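Q: Build me a model:
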Amino acid sequence: MLGQVADTLEDVWIQVALGEVERAKKYRQRAKAAPFRSISGNNYPTAAFIAPTGVAAMLTGHQSWLNATFADASTRREQYYEDSISLLSMLVMSGNAWLPGQSFASEANYAAWAASSGLPANQQDPSDRNGSFRLPNLITYALDRTPATVISEDLPAPSVNHPQLEVAHRYNPEAVDIGYYYDFLTPENTWDAIEPTDVRTDPDDPNRRIVSFDIPVSGKLLVRLRVKWNP
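A: Numbering: from 1, shown residues only. Next up, the predicted model:
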């Protein structure tokens, strides 16, 4: 039903565009008999009707519609009934709705991040590259950023503290569905895993970690961050 609503948007009585809610085409001529005339003081652009359409937008890839609906629902305050529907819709739109019996730890948080990060529906795969840095989505998620907010300081930055190498980078402390791994380039031009000797959080930034390694080879050393998704 929600998919049908989204696919026939021009024929329904709610339209969302660029953060503005059209007044429901005069509420479908006052719903022909106005059975809901008491809702929200006869003004009718109510969250009880508007917020659920954002869930429909999730199913059909209408990202601007989804963004506008979520923004409207997050600021609109009405009465208990309307606000309850709005809250339930926002839980779904933000990826925070859980089915009975689901484990929080087993939920793929990446999926929630992708749905709420402003990515087009056809660009939400972990390997898709977005943003000015053209990073894979999975790396951007691991950095606890969105494609639009990544900055150069988030990326791995190496430094030598003899006899160890240190790599500092931003990370996602809330992610339970990914692992961080590190590889170095051998003289034979192959990537081999390297185990950290110490991993600690930057005392000045809880979203930044500092990883220490024993230097495995002499001379020039290339180290990369590798992220593995465990959905």
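
Q: show me the contacts for the most centrally placed residue in the chain.
A: Nearest residue to the geometric centre of the chain (Cα atoms, centre = their mean): residue 113, 2.3 Å. Counting by Cβ atoms under 8 Å, 6 or more residues apart in numbering, residue 113 touches 95, 141. Every C-beta, even on glycine, is put in place using the N, C-alpha and C of the backbone.

Q: With only the CA atoms kept, save the helix or strand containing it in PDB.
A: Residue 113 belongs to helix 109-116 when assigned by DSSP states H and E. Output in PDB follows, covering the C-alpha atoms of helix 109-116 (Å, rounded to 0.1, in the frame of the first residue of the first chain):
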ATOM      1  CA  ASN A 109      24.000  -0.900  11.300                       C
ATOM      2  CA  TYR A 110      25.500  -0.100   7.900                       C
ATOM      3  CA  ALA A 111      22.100  -0.500   6.400                       C
ATOM      4  CA  ALA A 112      20.700   2.100   8.800                       C
ATOM      5  CA  TRP A 113      23.600   4.400   8.100                       C
ATOM      6  CA  ALA A 114      23.100   4.100   4.300                       C
ATOM      7  CA  ALA A 115      19.400   4.800   4.600                       C
ATOM      8  CA  SER A 116      19.900   8.000   6.600                       C
END
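
Q: What is the distance between it and the centre of its chain?
A: Relative to the mean C-alpha coordinate of its chain, helix 109-116 is positioned 4 Å out (Cα atoms, centre = their mean, to the nearest Å).

Q: Residue ranges in this structure under the pLDDT threshold?
A: 1-45, 59-61, 97-108 (pLDDT under 70).

Q: All the helices of it, in order from the start?
A: 2-7, 24-31, 47-60, 63-75, 80-93, 109-116, 137-142 (DSSP state H).

Q: Let me have those helices in JSON lines, adding distance to residue 220 as columns.
A: Output for these, formatted as JSON lines (distance: least, Cβ to Cβ, whole Å):
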{"stretch": "helix 2-7", "distance to residue 220": "54"}
{"stretch": "helix 24-31", "distance to residue 220": "65"}
{"stretch": "helix 47-60", "distance to residue 220": "47"}
{"stretch": "helix 63-75", "distance to residue 220": "43"}
{"stretch": "helix 80-93", "distance to residue 220": "48"}
{"stretch": "helix 109-116", "distance to residue 220": "34"}
{"stretch": "helix 137-142", "distance to residue 220": "24"}
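
Q: Name the residues of the helix holding residue 113 that come out as buried.
A: Buried residues in helix 109-116, counted by 16 or more other Cβ atoms under 10 Å: 109, 110, 112, 113, 114, 115, 116.
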